[in-house]
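Trainee: no FASTA, just this:
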Ligand SMILES: *Cc1c(COP(=O)(O)O)cnc(C)c1O
């Protein structure tokens, strides 16, 4: 097509997705099922329904239906802040003086500041449909808790958030945003749960981890009438909801006849990356196209690049089902780093399986290099990126610079998952030259692997 490509490609409301795309339907080898931690048998729908909402369990176990209709109420909510723009990074290309064509899909245009609202609203909707009183969850950096608070207040559901203690203390403003939307926020580990008390007794003074907060949230959900637990990443259902990112991107690119060569995303639990790549991966799996996919993770928490592929616990308290994934072991506690949302020990089973089959690549990057890329991007594209998102920016810039050397005019697409306004302490450390690049040793990783169950 000869039509000039605008800086921003938007879709009209009519062009917005009416269905989520389920990449599992096109996978020849399906992701491994969740296992009951006591029996090591695949979790049945009935068992899962004690923890999760009924309709979400159906989505979690659905490996066959390619398209799942998006309920009208969720489509309407999406219209408040979607479609998100697909931006041609002309300014960055010019600054880098690269022949590469760079595009990013920007998910930071809502108050939660990230893509997480795409799944939060779906999960709150199904909880409301089921007639529940409320939901419980954990949050690390705070984006998921914020997104879920917004979604719950929209549907008038109670929302109990367990926030990793160090974030609770370091990010008081995040906490207040959640409370503005009516959520109750408890620093984790806490004395309010049995598992929290146990963790505190074993590790007095601990600043907490996502794995601990998950255990507490699950305990409260399973012990309170009318409550279920919801999770913001990792699970199949979350990747399904996040496919709205990829479906919008693909529709927008198809309108202008654009084919990306490289698709890049940051990977914490894998939801934004899984969502972005899903429809493209579907084409690849059906033999209709040929793309390169790159997952980018922090060198301090390298689950794909240095982890093991096997069944592991999803949480520290070992109360959740076992998932087969690339993992550093549920006992692995990453060093203090500033990419809060990328600090989970494991990775989505869907992405783990695709990576294991060689259908996706992975790369790890150091923290300082990530902030260099973040700043370079902010200065030309205007958006102040989240540290998590900046992992993808780092690799997109690296690939664009390779094109400069070789003269190749590759088309690069990356996911810009959110904004970094609540991460200014991290930017401050970077500006003051106080940022460190801690990389775990093989011995430290071995300690994490040793805690994996023998299956
Ligand atoms: C949570 C988060 C991530 C990482 O989570 P995934 O499930 O891997 O997508 C990335 N970027 C931002 C801004 C986040 O809030």
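Mentor: Noted; the coordinates are in hand. All figures in this text were calculated on a predicted structure; none of them were measured in a lab.
Trainee: How is this structure divided into domains?
Mentor: The chain breaks down by automatic domain parsing into domains covering 2-15+82-113+237-450, 20-69+115-236.
Trainee: any chance of those domains in CSV, with mean pLDDT and distance to the ligand too?
Mentor: To be clear about C-beta, it is placed using only N, CA and C from the backbone, and glycine gets the same treatment. Below are the domains of the chain laid out as CSV (pLDDT from 0 to 100; distance: least, Cβ to the nearest ligand atom, whole Å):
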stretch, mean pLDDT, distance to the ligand
domain 2-15+82-113+237-450, 95, 3
domain 20-69+115-236, 95, 3
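Trainee: mind putting those domains in a markdown table, mean neighbour count included?
Mentor: Below are those laid out as a markdown table (neighbours: other Cβ atoms under 10 Å):
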| stretch | mean neighbour count |
| --- | --- |
| domain 2-15+82-113+237-450 | 21 |
| domain 20-69+115-236 | 20 |
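Trainee: And for residue 54, nearest residue in space, chain neighbours not counted?
Mentor: residue 130 (5.7 Å; Cβ to Cβ, 6 or more residues apart in numbering).
Trainee: same deal with residue 157?
Mentor: residue 134 (5.1 Å).
Trainee: In the sheet, which residues pair with that neighbour? Tell me.
Mentor: residue 158, residue 227 (DSSP bridges).
Trainee: which residues does the closest residue in space to residue 133 that isn't next to it in sequence contact?
Mentor: In space, and not counting its chain neighbours, residue 133 is closest to residue 226: 3.6 Å by Cβ to Cβ, 6+ apart. By Cβ atoms under 8 Å, 6 or more residues apart in numbering, the residues touching residue 226 are 131, 132, 133, 134.
Trainee: Let's have the domains of the chain in TSV, adding distance to residue 76.
Mentor: Formatted as TSV, those follow (distance: least, Cβ to Cβ, whole Å):
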stretch	distance to residue 76
domain 2-15+82-113+237-450	10
domain 20-69+115-236	10
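Trainee: Which strands and helices lie in contact with the helix or strand containing residue 274?
Mentor: Element membership for residue 274, per DSSP states H and E: helix 271-285. On a contact count with 3 or more Cβ pairs under 8 Å, 6 or more residues apart in numbering; DSSP states H and E, helix 271-285 meets strand 19-21, helix 236-255, strand 262-266, strand 292-298, helix 349-356, strand 411-416.
Trainee: among those, which is nearest residue 278?
Mentor: Closest to residue 278 of these, according to Cβ to Cβ: helix 236-255, at 4.4 Å.
Trainee: Helices along the stretch 51-200 of the chain, start to end?
Mentor: Ranges of helices in the stretch 51-200 of the chain, per DSSP state H, counting those that start in this stretch, are 54-61, 72-81, 90-96, 117-129, 143-154, 165-170, 172-180, 194-202.
Trainee: Mind checking those helices for the one nearest to residue 411?
Mentor: Comparing the helices of the stretch 51-200 of the chain by Cβ to Cβ, helix 90-96 comes nearest, at 11.1 Å.
Trainee: same for that closest one, what does it pack against?
Mentor: By 3+ Cβ pairs under 8 Å, 6+ apart, helix 90-96 packs against strand 101-106, helix 367-381, helix 387-406.
Trainee: For those, give me JSON lines that also has distance to residue 258.
Mentor: Listed next are the helices and strands packed on helix 90-96 as JSON lines, based on distance: least, Cβ to Cβ, whole Å:
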{"stretch": "strand 101-106", "distance to residue 258": "7"}
{"stretch": "helix 367-381", "distance to residue 258": "18"}
{"stretch": "helix 387-406", "distance to residue 258": "15"}
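Trainee: And the residue nearest the centre of this protein?
Mentor: With distances taken as Cα atoms, centre = their mean, residue 271 lies nearest the centre of the chain, 3.7 Å away.
Trainee: what's the nearest residue to it if we skip its chain neighbours?
Mentor: Leaving aside its chain neighbours, residue 271 sits nearest to residue 233 (4.2 Å; criterion: Cβ to Cβ, 6+ apart).
Trainee: again, but for residue 116
Mentor: Nearest to residue 116 is residue 147, by Cβ to Cβ, 6+ apart, at 3.9 Å.
Trainee: Next, format the contacts of residue 226 as a markdown table and append distance to residue 439.
Mentor: As requested, the contacts of residue 226 are exported to a markdown table (distance: Cβ to Cβ, whole Å):
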| residue | distance to residue 439 |
| --- | --- |
| 131 | 48 |
| 132 | 43 |
| 133 | 45 |
| 134 | 41 |
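Trainee: From residue 308, how far out is the residue nearest to residue 331 when sequence neighbours are not counted?
Mentor: Sequence neighbours aside, residue 451 is the residue nearest to residue 331 in space, at 4.0 Å (criterion: Cβ to Cβ, 6+ apart). Distance of residue 451 to residue 308, given as Cβ to Cβ, to the nearest Å: 11 Å.
Trainee: so what sits against both of those two?
Mentor: Joint contacts of residue 451 and residue 308 (Cβ under 8 Å, 6+ apart) are residue 329.
Trainee: quick one on the thing from earlier: so how far is the helix holding residue 274 from its chain's centroid?
Mentor: For helix 271-285, the separation from the chain centroid amounts to 13 Å (computed by Cα atoms, centre = their mean, to the nearest Å).
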